[in-house]
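Structure, please.
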Amino acid sequence: MALEQVADIEIGAELNGFASAHRLIVTVTNLTTNQVIGSQTLDIPLTPTHAVRREQLRADFASLAANDGDLLVARCSYKVTAGVHTDIAHATSDLAIATA
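Residues are numbered from 1 along each chain as shown. Here you go, the predicted structure:
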């Protein structure tokens, strides 16, 4: 089973003026078996600009071990580093059902 997770991110102009990197960590859990079946970390360097940054970050999971009918959820954490300042956020996807 393949899965793509998309994170819509926004960094305010003030923080983005000092932003040097951001990181998205996505973990997919099979709730039926209570096992993590996929994890990805996207570490991306940034060039500071004094404008709002809006973009989509994509985590593609080409193959996940799940049986037909298993209940899946994706969770992510997001961190922006800007000098000595950081900003963090987290999100959880809607539930998904694996299909063969």
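
just checking, what packs against whichever strand or helix holds residue 73?
Using DSSP states H and E, residue 73 maps to strand 71-82. With contacts defined as 3 or more C-beta pairs under 8 Å, 6 or more residues apart in numbering; DSSP states H and E, strand 71-82 has these neighbours: strand 3-11, helix 13-16, strand 21-30, strand 85-92, strand 96-97. C-betas here are computed from N, CA, C, even on glycine.

Could you please name the strands that strand pairs with and the direction of each pair?
Using DSSP bridges, the strands paired with strand 71-82 are strand 21-30 (antiparallel), strand 85-92 (antiparallel), strand 96-97 (antiparallel).

Pick the most deeply packed of these.
Highest mean neighbour count of these: strand 21-30, a mean of 19 (counted as mean count of other C-beta atoms under 10 Å).

hmm, who's touching it?
Defining contact as C-beta atoms under 8 Å, 6 or more residues apart in numbering, one finds that strand 21-30 is touched by 3, 5, 7, 9, 11, 35-46, 57, 59, 61, 64-66, 70-81, 98.

Quick check: the gap between the nearest residue to residue 93 once chain neighbours are set aside and residue 6.
Setting aside the residues directly before and after it, residue 93 is nearest to residue 74 in space (C-beta to C-beta, 6 or more residues apart in numbering), at 4.0 Å. Residue 74 sits at a distance of 10 Å from residue 6 (criterion: C-beta to C-beta, to the nearest Å).

For these two, work out which one has more neighbours and name it.
Higher neighbour count among residue 74 and residue 6: residue 74, with 21 against 11, using other C-beta atoms under 10 Å.

what are the bridge partners for the more buried one, then?
Here residue 74, judged by DSSP bridges, has bridge partners residue 28.

No further questions, thank you.
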